[in-house]
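# need coordinates for the below:
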Amino acid sequence: MGIGDDVMWLGDAYQQHLKTGRKQRPTRNGVHIYRGQRLWQRDAYQNIPWIDPKQGDNWEELPQQNRHRPYVGNPDYRPQPAPIVLTEEERAWAQENMPPGPYVIINPDAKWQAHYHNNKHWHDPYWQELALQLSVLGIVTVRLTPPGRTNTYYPALNIDTDTPRRMMAAIERASWVITTDGAPHHISAAFDTPCTVIWGSCTSPHPHPQMAGLSYPGQCNLIAEDPATPCYTVHRECEHCVRLRTAISPTQVIATLNITQIKYARS
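Predicted structure coming up:
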């Protein structure tokens, strides 16, 4: 499971904590270790006062009988914003390394290491054009560069976020986030950071019998096709997903932004 899945688990577990008043601990198939790591050591779960690795109630990451993630085959599932807690050190890093004034985060690197990368990826030249249009509007644009990626997007600032926690701290301070489906849009919901999500057909903001909708209230969702016909292809590269993603233009993305809100956001 990726960071986005962890954030969704955190939101679900928080709702359970509010319901029962009891602390929670992440469990997968009834055990607390996955691929050699204790589940509660994951980045999204750090510093959460209602997660208790010793006495917390078990809360499954894969709660369904077929051991899929909770949104697979469950159109009634809705992701809940997760209360991510940052340390003062993490916030100090963001204050020192991120622009001092309002900025917009773009995320061209969704699933860049996955075999179905292009199914969730927007068109590279579109990201370039988007950064240029934002610059013309006088908006500072930041690309959070994962380790191993090259500096290719201009005039966006490329800031190396070498840990998921630093990515979270950068998103907390941002005026807006522009991304495809993935960890940044879940983290944006956690911090109530305005977010535009570019959807194709690999996943959808709207529920369908095969999968729940993965959007959050208040986010701007751009989708190029009737939400009743998603293909949800994650096992191979899908021409349908790529075609739908590239049908969304930079101009359409710009139209979702509240430019005044961005320019006069918190510094």
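
# alpha carbons only for contacts and neighbour counts from here, please
Noted.

# where do the strands of the protein begin and end?
Assigned by DSSP state E, the strands in the chain fall at 24-27, 33-34, 37-38, 57-60, 104-106, 141-145, 157-160, 176-180, 195-199, 220-223.

# I'd guessed residue 82 sits against residue 15; true?
No - judged on C-alpha atoms under 8 Å, residue 82 makes no contact with residue 15 at a distance of 9.0 Å.

# same list (the strands of the chain) but as JSON lines, adding mean pLDDT and mean neighbour count.
Formatted as JSON lines, the strands of the chain follow (pLDDT from 0 to 100; neighbours: other C-alpha atoms under 10 Å):
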{"stretch": "strand 24-27", "mean pLDDT": "94", "mean neighbour count": "24"}
{"stretch": "strand 33-34", "mean pLDDT": "78", "mean neighbour count": "13"}
{"stretch": "strand 37-38", "mean pLDDT": "85", "mean neighbour count": "12"}
{"stretch": "strand 57-60", "mean pLDDT": "92", "mean neighbour count": "20"}
{"stretch": "strand 104-106", "mean pLDDT": "95", "mean neighbour count": "24"}
{"stretch": "strand 141-145", "mean pLDDT": "90", "mean neighbour count": "24"}
{"stretch": "strand 157-160", "mean pLDDT": "88", "mean neighbour count": "18"}
{"stretch": "strand 176-180", "mean pLDDT": "95", "mean neighbour count": "25"}
{"stretch": "strand 195-199", "mean pLDDT": "94", "mean neighbour count": "25"}
{"stretch": "strand 220-223", "mean pLDDT": "92", "mean neighbour count": "19"}
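
# sorry, back to before: neighbour count: residue 82 and residue 15, which is higher?
Between residue 82 and residue 15, counted using other C-alpha atoms under 10 Å, the more crowded position is residue 82 (23 against 15).

# how about the more buried one, nearest residue that isn't a chain neighbour?
Excluding its sequence neighbours, the residue lying closest to residue 82 (C-alpha to C-alpha, 6 or more residues apart in numbering) is residue 11, at 3.9 Å.

# same check on residue 72?
Nearest residue to residue 72, sequence neighbours excluded (C-alpha to C-alpha, 6+ apart): residue 211, at 4.5 Å.

# what's near enough to touch the residue lying farthest from the centre of the chain?
The outermost residue of the chain, judged by C-alpha distance from the chain's mean C-alpha position using C-alpha atoms, centre = their mean, is residue 55 at 29.6 Å. Listed by C-alpha atoms under 8 Å, 6 or more residues apart in numbering, the contact set of residue 55 reads 23, 24.

# what's the spacing between it and residue 250?
Per C-alpha to C-alpha, to the nearest Å, residue 55 is found 49 Å from residue 250.
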